[in-house]
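1. pasting a predicted model and its sequence here:
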Amino acid sequence: MIPSLPSRGLRGYSGGVLAGGISAALFAVAMMHAETLFVVIVYMTAMPLLMAGLGAGITSGATASFTGITGLLLAKQLELHFLFAGTYALIYALPCVALVALALRRHEDKSGKVVWSTEGNILIALTLYPAILFLAAVMATSSHDGGLLELTKHTFAASLAPLKSMPEVDADTFKFLSASMEKFAVVAPAVVGSSWLFVMLLSLVAAQGALKQQGWNLRPNFAFQNIYIPNWLIFATAATGVMGAVAHAPYNYVGTNLCAMLCIPFLLVGFAIVHALAAMTKARMVILVAFYILLSVVMLNAVAMMWVVVAMTGLGVVDQWINVRQRFATGWKKGG
C-alpha cells in the first residue's frame, strides 16, 4: 500500500493563503505596469502556487490558487479586475492546481516500488493545455470574418497605428513593421503557447529546487535527462504538420500552430539527450556549461538559431525510434 504524503496541516493551508496572495500581487503589479519592465515579474506568478502545492499537497495548492483568484476579484482598485482575475485563473491558477495534482500522482509497480508521475507526462500536459486553449479560441471566434487570425492581425495593426504619426518613423519603416507583424500574427498562438510552456516548466523546476533545499519537497526531483514522450505524439505532430502545409484556410493556420506547439516536447527531448550524455562523463557540468554558452552565442543569429531548433527537435524525434540515450549508455558501459 502506498503511504500517504506528509500532511502540513494548518501550516499548509496558511502557507497556501500566503502563496496565493504573493502570486496575485505579482500578477497585479505586472498588469498595472504592463508598459514598463515591471511586466517581467509576471513570469514569477506561478512559482508561489507551485511551491504551495509541491510542498504541502494538492489542497494547499488549490487554496493558494483560490486565494489568488479571490484576491484579484476583490481588488476593486484595479481597473478591469474581473478580467484580470479571469486571465489569472486561466493562465496560472487552474493550470498550477492541475500540474501539482499530476506531479504528485504515484502508484506501485509490480515490485512494490513507488513510481511517481513521469517527467514526460508532465511535459505532455503542459503542451496540450495551450493547444486546447488555442482550439477553443479558434472555435469561439469562428463567427468573426476571418476568425482568430484576422482578429490577431487587427489587434497588431491597432497597436502599430500610433507609430504612423511619429516623425522618426518613415513610411518605409512603418510598412516594414506592418508586414512583419502580419507575418508574426500567423504563428502568434504558437509563440505565446510555447512561451507559456517554458515559463511554467521553469517555474516548476525552480519551485521544486527551492523546496528541495529546505527539505520540504513531497516528491523526488525531476530528472531532465529522463524525459520520454509517448509515440502517439509523433503521429499527432505529423498530422498537424501536413494540415498546416496543404490544407486550405483556416485549417492551415490551425495546423501550423498546433504542429509548432506539439514539436516543443521533442525539442526538449533533444536537450535531454545532451544532459543524459553529459551525465555519463565526469565532466558533466563543464560539458553542459560549454554547451549552453555555445548555444547562447548561436542564438544571436536568427537563422543559426532556427537550424539549432530544427536539429534538436529532429534528435528528439529520432530518440523516440532508436532510443539514443539507451544506445549510448549501453555502448559507454561496454567501452568502460
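-> Thanks, I have the structure now. Residues are numbered from 1 along each chain as shown.
2. so Leu258 versus Thr313, what's the distance?
-> As defined by C-beta to C-beta, to the nearest Å, Leu258 lies at a distance of 15 Å from Thr313. Every C-beta, even on glycine, is put in place using the N, C-alpha and C of the backbone.
3. the two: which has the busier surroundings?
-> Looking at Leu258 and Thr313 with other C-beta atoms under 10 Å, you find the greater number of neighbours at Leu258, namely 25 against 19.
4. please give the element, helix or strand, for that one.
-> Counting by DSSP states H and E, the element that carries Leu258 is helix 251-279.
5. in this structure, which helix is the longest?
-> helix 171-214 (DSSP state H).
6. return the residues in contact with Ala247.
-> The neighbours of Ala247, taking C-beta atoms under 8 Å, 6 or more residues apart in numbering as the test, are Gly255.
7. the helices in this structure, which residues?
-> 9-32, 46-56, 58-74, 81-88, 94-103, 119-140, 147-164, 171-214, 232-246, 251-279, 284-298, 302-322, 324-335.
8. tell me the most buried of these?
-> With neighbours taken as mean count of other C-beta atoms under 10 Å, the helices of the chain reach their highest mean count in helix 46-56, at a mean of 28.
9. that one to helix 94-103, inter-axis angle?
-> Computed by axes from the mean of the first three to the mean of the last three C-alpha atoms, to 10 degrees, the angle separating helix 46-56 from helix 94-103 equals 30 degrees.
10. and helix 46-56, how far from the chain's centre?
-> Its chain's C-alpha centre and that of helix 46-56 lie 16 Å apart, by C-alpha atoms, centre = their mean, to the nearest Å.
11. quick check: angle from it to helix 171-214?
-> Between helix 46-56 and helix 171-214, the angle formed by their directions is 20 degrees, by the same axes, to 10 degrees.
12. so what secondary structure elements neighbour helix 46-56?
-> Packed against helix 46-56 by the contact rule (3 or more C-beta pairs under 8 Å, 6 or more residues apart in numbering; DSSP states H and E) you find helix 9-32, helix 58-74, helix 94-103, helix 171-214.
13. quick one, what contacts the residue most central in space within the chain?
-> Most central residue of the chain, judged by C-alpha distance to the mean C-alpha position with C-alpha atoms, centre = their mean, is Leu197 at 0.8 Å. With contact set as C-beta under 8 Å, 6+ apart, Leu197 has these partners: 126-127, 130, 261, 264.
14. same question, Ala278
-> Ala278 makes contacts with 284, 287-288, 291, as judged by C-beta under 8 Å, 6+ apart.
15. do that again at 7 Å, thanks
-> Listed by C-beta atoms under 7 Å, 6 or more residues apart in numbering, the contact set of Ala278 reads 284, 287-288.
16. for Gly86, state which of these is nearest.
-> Leu288 (40.1 Å; C-beta to C-beta).
17. can you give me the pLDDT of the nearest residue to the closest one once chain neighbours are set aside?
-> Using C-beta to C-beta, 6 or more residues apart in numbering and skipping the chain neighbours, the partner closest in space to Leu288 is Ala278 (5.2 Å). Ala278 is assigned a pLDDT of 85 by the prediction.
18. and the gap between Ala278 and Ala98?
-> Counting by C-beta to C-beta, the gap from Ala278 to Ala98 is 32 Å.
19. could you measure the residue of the chain most remote from its centre against Ala157, distance?
-> For the chain, the C-alpha lying farthest from the average C-alpha position belongs to Pro167; by C-alpha atoms, centre = their mean, that distance is 39.4 Å. From Pro167 across to Ala157, the span is 20 Å (C-beta to C-beta).
20. thanks again, I'm all set now.
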